[in-house]
Every structure is written in C-alpha cells, then in structure tokens.
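J.: Turn this into a model:
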Amino acid sequence: MDKLGKMRMYVTVADTGSFTAAAQLLGSTTAQASRAVSDLETHLRSRLLNRSTRRVALTEAGARYLEQCREILDRVDIAEAQAGDAKALPKGVLRLHAPSAFGQYYVIPALAKYCEKYPDVRVDLTLSQYAPDILEGGFDVSLHVTHSPLPDSAMVAAQLCSVPTVLCAAPSYLVNTGSPETVADLRMHSCLQLLTSFFASDKWVFSSERGTEVFHVPPAKLRVSSAEALAIALREGMGIAPLPLLTALSFLRSGELVRVMPTYELQSSTVYALYASREYLDAKIATWITFLRDHIAASLLAGQSATKVAPLKGMDDPCSG
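T.: I've put the predicted structure just below:
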C-alpha cells in the first residue's frame with residue numbers, strides 16, 4: 001500500500017474508531033489496516049493512535065496529523081476529479097499552431113464558434129509557416145497542409161480533409177491574353193510559382209478525361225512563399241497560378257479571380273492535425289479536431305458550386321478509436 005493509501009486508511013480508522021470497520025469500507029483486511037497505521041507511525045517516529053481491545057483513540061500528534069491527511073487527500077481527490085473532467089468536458093487552455101494564411105481564414109473563424117460552444121476553453125494560437133516541435137513548444141494540436149505524406153513520427157496525425165487546388169487568374173489578365181483551354185496553352189502565359197511545402201512549384205500535375213498531364217513551369221517572373229500573397233499578385237493581373245481552394249475561395253466569390261481551365265483538376269493538398277497521443281485524449285483536443293474538420297468541410301462545400309470543384313471526400317472522425 002502506498003503512502004496515500006495508508007493515509008486514507010488512517011483517516012478511515014480515525015473516523016470509524018475501528019480497524020475492522022475501516023478495512024471493510026476500503027475493501028481491505030483488519031491486518032492490512034493495522035499494518036498501514038503502524039507503517040505510518042514507524043515512518044513518522046510518532047504514535048498516532050492509542051489502541052485497546054474495544055476502541056482506538058487519537059493521540060495529540062495523531063490529531064494534528066489527521067488534519068493534514070484530510071487536507072492532502074481532499075486535494076488529491078479534487079485533482080483526480082479535474083483530470084477526469086478533462087477527458088469528458090472541454091476546459092482549460094487549448095494551445096494551437098497553424099500555418100499563417102490557413103489560420104487567419106479558417107482556424108480563427110472556427111475558433112470563434114468553438115469558443116462560443118465551449119466557453120470554459122481558452123485558446124493560445126500561434127500562426128507560423130514553420131512546423132514546430134509539438135512537445136517542446138507545448139502545443140496540444142499543430143495543423144499541417146501538405147501534398148505529400150507526412151514523415152514518420154511518434155505524433156498522431158488525424159487527416160481532416162482533402163483540399164483541392166485550383167488554377168486562377170484575374171479577369172483583367174485574361175482579357176489581355178485570352179484564357180488557356182489546354183495544358184499546352186499554358187506555355188503562352190505568365191505562370192507564377194507558389195513556393196510552399198504543400199505544392200510542387202516546378203511542375204503542375206493535371207488530371208482530366210484525357211488522363212494525367214504534367215506541365216513543367218518555365219522560370220517565373222514571380223515566385224512567392226505565401227498563398228495569400230500569390231492570390232494578391234494574381235488579382236493585380238500578374239499571371240496565372242495554382243492556389244489552394246482554402247485561399248482562393250474569397251477571391252473567387254468576389255470575382256477578383258476566376259478559375260482557369262475548370263475541366264482540369266490539379267493535385268490536392270491534405271490538412272492534418274498532429275497531436276501527442278490518442279490515449280486518454282483531453283476533451284478540448286478531441287472536440288476541437290472534430291469541430292475544425294466539420295468547419296473546413298462546410299466552408300469548402302459552400303464554395304464548390306462557384307468554383308466547379310468536385311465534391312470533397314468525407315473523413316471519419318479523426319479522434320475515434
């Protein structure tokens with residue numbers, strides 16, 4: 001029996017006035033109850049109880065120790081209850097990382113609704129293009145958007161959704177140059193490049209009824225590491241480029257950009273939520289991942305009619321199992 005167990009036994013013996021009654025309440029034996037109190041007395045080098053054949057009585061030292069034991073056990077019970085609530089009830093600080101543009105346009109709007117639903121959760125959000133070390137940085141969840149499989153790691157990777165990529169340009173650009181209709185036509189256009197970890201900038205892979213075609217991008221007049229910045233360059237009429245649909249939607253809805261070659265599909269990206277472990281998953285982490293997945297899916301579906309993007313594949317609950 002550990003020290004806390006012995007303290008609990010001691011408190012129960014003092015409350016009931018009997019080793020036998022205390023043992024019955026705690027599912028133990030009279031001998032084990034007696035040994036637990038004796039062990040505490042040996043450790044403390046102080047007598048806690050005076051024993052007779054009929055009853056036990058607290059010594060002065062025993063009374064002082066009993067008060068301290070009650071306080072310690074109460075704190076332990078409260079801590080265990082709070083830890084148990086973390087599994088059942090979303091509360092406390094949720095520490096998140098997300099890529100900058102993705103975070104601004106999709107994570108923050110989702111957080112506004114999430115915090116309204118779960119008012120006991122507070123959020124620390126870090127926006128950065130660089131993937132952090134989750135454990136070293138103290139993050140609960142880190143979001144990644146990539147076109148290739150994630151490297152092996154000890155982290156759990158929940159796949160939230162697949163995000164289409166769309167080829168875009170400004171109406172003003174197309175008025176001056178005409179709109180390409182085939183992959184070969186792109187050679188006659190100013191093709192800008194997106195330099196991110198989730199899209200191959202040097203070649204664009206298209207799929208259509210005619211199969212797969214690869215367009216090798218010539219040296220571009222602009223290469224940029226931010227999808228949001230690239231969208232603004234396209235809006236200014238600098239050329240044609242692929243954008244993640246998450247970034248392109250607001251520009252497509254406003255008419256500042258239009259989709260080019262809508263009968264072709266570009267390589268999609270995948271959004272992952274990385275976290276430390278599925279075991280005893282904190283409720284705020286589980287509910288946030290599921291909430292964000294549903295929010296992204298709803299946002300993308302809302303824009304599909306305008307962009308003529310094929311419906312997204314549904315995802316199972318990433319926190320199940």
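J.: Can you get me a residue count around D133?
T.: By other CB atoms under 10 Å, 10 other residues sit near D133. From N, CA and C alone the C-beta is placed, and that goes for glycine too.
J.: Could you do E71 as well?
T.: For E71, the count of nearby residues is 10 (other CB under 10 Å).
J.: Could you check how far it is from T177?
T.: From E71 across to T177, the span is 78 Å (CB to CB, to the nearest Å).
J.: check contacts around the residue sitting nearest the centre point of the chain.
T.: For the chain, the residue whose C-alpha lies nearest the mean C-alpha position (CA atoms, centre = their mean) is V141; its distance is 3.2 Å. Residues in contact with V141, defined by CB atoms under 8 Å, 6 or more residues apart in numbering, are L94, R95, L96, H97, A273, L274, Y275, I285, W288, I289.
J.: same thing but 10 Å
T.: 94-98, 134, 156, 158, 273-276, 284-285, 288-289, 292 (CB atoms under 10 Å, 6 or more residues apart in numbering).
J.: go on, K117?
T.: Here K117 is in contact with P90, T287, F291 (CB under 10 Å, 6+ apart).
J.: Now for the nearest residue to S225 once chain neighbours are set aside, how many residues are close by?
T.: Closest residue to S225 apart from its sequence neighbours, by CB to CB, 6 or more residues apart in numbering: L195 at 4.6 Å. Residue crowding around L195 was assessed by other CB under 10 Å; the count is 13.
J.: Check V260 too.
T.: The burial count assigned to V260 is 22, neighbours taken as other CB under 10 Å.
J.: Ok, T247 next?
T.: Using other CB under 10 Å, T247 is surrounded by 25 other residues.
J.: helix/strand/coil for it?
T.: helix (DSSP: H, G, I helix; E, B strand; the rest coil).
J.: which residues touch it?
T.: T247 is in contact with 101-102, 104-106, 163, 165-166, 168, 194, 226-231, counting by CB under 10 Å, 6+ apart.
J.: how far away is V123 from A98?
T.: In this structure, V123 and A98 are separated by 11 Å, where distance is defined by CB to CB.
J.: In which helix or strand does the closest residue to L192 other than its chain neighbours reside?
T.: The shortest distance from L192 to any non-neighbouring residue, by CB to CB, 6+ apart, is to A241 (3.9 Å). Secondary structure assignment for A241, by DSSP states H and E: strand 240-244.
J.: just checking, what packs against that strand?
T.: strand 165-169, helix 171-177, strand 193-194, strand 203-208, helix 227-235, helix 245-254, strand 265-266 (3 or more CB pairs under 10 Å, 6 or more residues apart in numbering; DSSP states H and E).
J.: Please repeat the previous calculation with a cut-off of 8 Å.
T.: Contacts of strand 240-244 with other secondary structure elements, assessed using 3 or more CB pairs under 8 Å, 6 or more residues apart in numbering; DSSP states H and E, are made with strand 165-169, strand 193-194, helix 227-235.
J.: Now the shortest one: average pLDDT?
T.: So that's strand 193-194. Averaged across strand 193-194, pLDDT comes to 88.
J.: same deal with the last one?
T.: Mean per-residue pLDDT for helix 227-235: 92.
J.: How about stretch 135-144?
T.: Confidence over stretch 135-144 (mean pLDDT, whole number) is 86.
J.: Now do it: distance from first to last residue.
T.: 16 Å (CA to CA, to the nearest Å).
J.: before we move on, what SS does A112 have?
T.: Three states are possible here, and by three-state DSSP the one that applies to A112 is helix.
J.: Distance of it relative to N50?
T.: Plainly put, A112 is 64 Å away from N50 if you go by CB to CB.
J.: which regions of this protein sit below the pLDDT cut-off?
T.: By pLDDT under 70, the weakly predicted segments of the chain are 1, 78, 81-88, 148-153, 197-201, 278-280, 302-321.
J.: How is it divided into domains?
T.: Residue ranges for each domain of the chain read 3-87, 92-161+270-307, 165-266, as given by automatic domain parsing.
J.: roughly how far out does the shortest one sit from the chain middle?
T.: Just to be clear, that refers to domain 3-87. For domain 3-87, the gap between its own C-alpha mean and the chain's C-alpha mean amounts to 42 Å (CA atoms, centre = their mean, to the nearest Å).
J.: Now do the same contact list for E209.
T.: If a contact means CB under 8 Å, 6+ apart, then E209 has T263 as its contacts.
J.: what about it, distance to L300?
T.: When CB to CB is applied, the distance between E209 and L300 equals 23 Å.
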